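# Quick one, fold the following:
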Amino acid sequence: MSFLGGGKPDPFEPGKTERENKQRAAEKAGADKPPADENDPRRPTITRIAIWLVAGGIGLYFIGSGIYGIITQGG
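Next up is the predicted model:
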């Protein structure tokens with residue numbers, strides 16, 4: 001079903017997500033696993049890794065400055 005009627009058949013089944021359509025195509029082709037270009041949903045994104053690094057750096061700074069303050073008697 002084409003939205004603007006371009007004569008080209010719609011590659012997606014109505015009511016299905018893109019992932020479901022890829023899985024169905026892989027099953028029809030006889031493949032055991034999803035296509036290689038599909039991302040692993042369990043793998044963290046670069047943005048999430050960057051946020052953790054920034055938050056970890058801030059936390060390390062606070063812990064380090066606290067320990068330094070304890071050692072120097074809070075001078």
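# can you count the residues close to Thr45?
Thr45: 9 surrounding residues under other Cβ atoms under 10 Å. From N, CA and C alone the C-beta is placed, and that goes for glycine too.
# can you list the domains in the protein?
The record's domain parsing of the chain by automatic domain parsing lists 1-40, 44-75.
# Which of those comes out lowest on mean pLDDT?
The weakest mean pLDDT among the domains of the chain belongs to domain 1-40, with a mean of 67.
# ok, which stretches of this structure are strands?
If you assign secondary structure with DSSP state E, the chain ends up with no strands.
# Scan it for its longest helix.
Taking DSSP state H as the criterion, the chain has its longest helix at helix 46-71.
# That one: which residues count as buried?
By 16 or more other Cβ atoms under 10 Å, helix 46-71 has no buried positions at all.
# Pro41 - how many residues pack around it?
Around Pro41 sit 6 other residues, with neighbours defined as other Cβ under 10 Å.
# Just the pLDDT for it.
The per-residue pLDDT reported for Pro41 equals 76.
# how near is it to Leu60?
In this structure, Pro41 lies at 30 Å from Leu60, with Cβ to Cβ, to the nearest Å as the measure.
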